[in-house]
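**Q** Starting from these lines, generate the structure:
(chains A and B)
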Amino acid sequence: MPVLFEAIWNRFKATALVNKLTELYNVEAPPEAVFPYGVFSTNITADWTFTENFEDCLIMFVLFSEETLATEVCAAFEALKVAFDFHDLAVVGYEPVSLERGSANMIRVEKIWQYNITYKLVIQKGE
Amino acid sequence: MTAPKAGYKGAVYIGAQKIGGGTTWSYDGETRNMQDIDEFEDEHIMAIPMQITGGNVTISGNLLMGDAGQMLLETKLADGTPSGRITDLKLYVDKASNKYFTPDPAVTLTVDNIPSHAVVTAAKTIGDDKSGVGTFSATLRICGALKRV
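**A** Prediction:
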């Protein structure tokens, strides 16, 4: 769903999150990506009623930082919350229903901080 | 197109006063009284419609000891005078876009023109549990009708 990808990216660009990450990539960061950066991926399930078409979207963000302390990646996480928690995400052709944060898990792998955050987005297709 | 509203967008207000700690509100709806008109030897019950009865609103959530909204419900319960009638109850389904249910001022009592209102019939319904948090609930009876705004 390109419109969803654009909506996520546009929200990233429109908020202070853009000051916490060098870039937000779709699915995979390129080798030349500069820390700190973020990656998002989506998992979409169609949800049909008699008259409406909903899309239940699981959005997974992963924030990366190579700093020794976790301060940087934590600041990015805080900015992500401000940007996306309960936000009416503007997905072209759809009405926003809900956007709720789920789990958040911080790990460190090979001296790289990773913050894994999930959101559940529900949108309804327009007529 | 009208999309459904996420529950987290809801709220309950009396005038400008928010009922803090609320996590759920529900209205069990209006019902129409029916009067049986059948008689001996009728095989089936027949009834004619009578008046419409307003239902009960239940508000529940987390107990907040200092919350002015929760305390206002208790104050309204104690007030059996006309000032205890709540005409500005707002049961929001979307606070940000100002979508809510409220007593309908167009539905009035014929004789002295009393508009629709809510009356607190139960408050200070509270509890606590060591594995959770303190809870509260209150019940309001709708006299008249609610309308969508």
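**Q** Distance of the residue nearest to the spatial centre of chain A relative to B:Gly134?
**A** Chain A has A:Phe61 as the residue nearest its centroid, 4.5 Å off, counting by C-alpha atoms, centre = their mean. Per C-beta to C-beta, to the nearest Å, A:Phe61 is found 34 Å from B:Gly134. Where C-beta positions appear, they are placed from N, C-alpha and C, glycine not excepted.
**Q** Which residues of chain B lie near chain A?
**A** Contact residues, chain B versus chain A (C-beta under 8 Å from any C-beta of the partner chain): B:Met1, B:Ala3, B:Pro4, B:Lys5, B:Ala6, B:Gly7, B:Tyr8, B:Lys9.
**Q** can you pull out the helices in chain A?
**A** A:2-14, A:71-84 (DSSP state H).
**Q** most packed of those helices?
**A** Of all the helices of chain A, helix A:71-84 has the most neighbours on average by mean count of other C-beta atoms under 10 Å in any protein chain shown, namely a mean of 19.
**Q** ok, the nearest residue to A:Val92 once chain neighbours are set aside - contacts?
**A** Computed as C-beta to C-beta, 6 or more residues apart in numbering or on different chains, the closest residue to A:Val92 that is not its neighbour in sequence is A:Val3, at 4.5 Å. A:Val3 makes contacts with A:Val91, A:Val92, A:Gly93, A:Tyr94, as judged by C-beta atoms under 8 Å, 6 or more residues apart in numbering or on different chains.
**Q** I figured the second one hits A:Leu4, correct?
**A** No. In this structure A:Val92 lies outside contact range of A:Leu4 using C-beta atoms under 8 Å: 9.2 Å.
**Q** And the longest strand seen in chain A, what's buried?
**A** Longest strand of chain A, by residue count under DSSP state E: strand A:94-109. Within strand A:94-109, the residues scored as buried using 16 or more other C-beta atoms under 10 Å in any protein chain shown are A:Tyr94, A:Glu95, A:Pro96, A:Val97, A:Ser98, A:Leu99, A:Arg101.
**Q** Please, where are all the strands along chain B?
**A** Applying DSSP E to chain B gives strands spanning B:11-14, B:17-18, B:22-27, B:31-36, B:47-53, B:56-62, B:89-94, B:99-103, B:117-127, B:135-143, B:146-148.
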